[in-house]
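Trainee: need a structure here:
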Amino acid sequence: VFNDGTARELVSLNGTIPVNYRGSIYNIPVQLWLFDTHPYNPPICFVKPTSTMLIKQGKHVDANGRVYLPYLHEWKANASDLVGLIQVMLVVFGEEPPVFSRTSAGQAVAPMGPFNHGYPSYPAAGPPMGSYVPGGGTYPYQPTANSTNYPPYPFSGGSAYPAPPPAQPQISQPHYGSQPVPGTSAMSRDGVISEEHIRASLVSAITDKLRWRLNEEVSRAQAELEALQRTEEELRNGQRSLQDMAGRITREIGDVDQNIDLLKKKDEEITSALEKMESQSESSNIDEAVVTTAPLYKQILNLYAEENAIEDTIFYLGEALRQGVIDLDVFLKHVRLLARKQFQLRALMQKARKTACLTDHY
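Mentor: Residues are numbered from 1 along each chain as shown. Model prediction:
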């Protein structure tokens, strides 16, 4: 059960890893929790001290035993695995042991001889924080002052990691000799700090500092590289768009040039046709411009033209009367004559159209 109330099933791997500390091998008990999305998300790692051990809080381990490593923070599904994680833990724990032994009075002592036997499994002293405990509800969350520079590992599944377990209860554990694991005291067996201890401490501190600065520089360079790659991709896309646009404009220019040439040819043809028609109209008779196929059709055409001429004449006589060019008597006389002739023309034209089997309305 996570801190946000969601529940998920995780796989727990328990055991020991052989850590080389100052030439001696110590078995450090650890516990790995694998998500159902493994290997796409990093596992959660804890140091599980026995009843004769205490957790040494440091840069990579908090007071609850939660392990923080750059390898976990930069976990990649296609490049990270549990073997590499354990190798990193061996190196880190060899520089800064995560646990130390305690005497009956609870005082830390210097590490003693190495384990000369195999690597037995250590049972987990408790489930991850937030999980259900019969008769006791859930473990309360107890924040600790963690000095690590690595933030909690992101998890794409949307739920938080299980909180680290509380301080381990005193339960019976199998005894593995009287050899304690490395302690936090930098004193030698006689209680004197030697130059070797000071040198080892300085080397460890400088190594951690350089490693942190290296990770910081690598992250910054990686971010800049990704930004440059995105910019390059955008520029390439823009280049392709400009090339497509230039090609389209070139094709359109070619089409426009073809249309201009075609229009010039058509303009020359029209100009030539107009000149030809003007030259022909001067020498041709307007009455011969229209040729009918039968004498009856020619008669209908002439009647229609004459009837329209009378219509125009009556119109201009009205204009002359309005402007005072002629008087009313002259206007009425000519209109009466023209109207009588127009009536005769229309009657004759209707008869001719009927004979030619044409409609009566025109």
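Trainee: Find the centremost residue of the protein, please.
Mentor: What sits nearest the mean C-alpha location of the chain, by CA atoms, centre = their mean, is Arg230, with 11.5 Å.
Trainee: From Arg236, how far off is it?
Mentor: Relative to Arg236, Arg230 is positioned 11 Å away (criterion: CB to CB, to the nearest Å). Bear in mind the C-beta positions are built from the backbone N, C-alpha and C, glycine included.
Trainee: How is this structure divided into domains?
Mentor: Dividing the chain into domains by automatic domain parsing, as the record does, gives the ranges 11-183, 290-355.
Trainee: and the ones you listed, which one is worst for confidence?
Mentor: Among the domains of the chain, domain 11-183 carries the lowest mean pLDDT, at a mean of 66.
Trainee: separation between Ile86 and Leu242?
Mentor: Between Ile86 and Leu242 the distance, using CB to CB, works out to 53 Å.
Trainee: neighbour-wise, which of these two wins?
Mentor: When Ile86 and Leu242 are compared on other CB atoms under 10 Å, the one with more neighbours turns out to be Ile86, at 16 against 10.
Trainee: Surely that one and Ile17 touch.
Mentor: Yes: counting by CB atoms under 8 Å, a contact exists between Ile86 and Ile17, whose distance comes to 5.7 Å.
Trainee: And the strands in this protein?
Mentor: 11-21, 24-34, 44-47, 53-55, 99-101, 132-133, 137-138 (DSSP state E).
Trainee: which one of those strands lies closest to Val218?
Mentor: Set against Val218 and scored by CB to CB, the strands of the chain come closest in strand 44-47, at 22.2 Å.
Trainee: ok, Gln350 to Thr292 distance?
Mentor: Shown here: Gln350 relative to Thr292, a distance of 18 Å by CB to CB.
Trainee: more neighbours, these two?
Mentor: Relative neighbour count places Gln350 above the other of Gln350 and Thr292, with 16 against 12, counting by other CB under 10 Å.
Trainee: So what touches stretch 82-92?
Mentor: Surrounding stretch 82-92, the residues in contact under the criterion CB atoms under 8 Å, 6 or more residues apart in numbering are 13, 17-20, 30, 32, 42-43, 45, 60, 67, 69, 71-72.
Trainee: make it 7 Å
Mentor: Contact partners of stretch 82-92, identified using CB atoms under 7 Å, 6 or more residues apart in numbering, comprise Ile17, Val19, Leu32, His60, Leu69, Tyr71.
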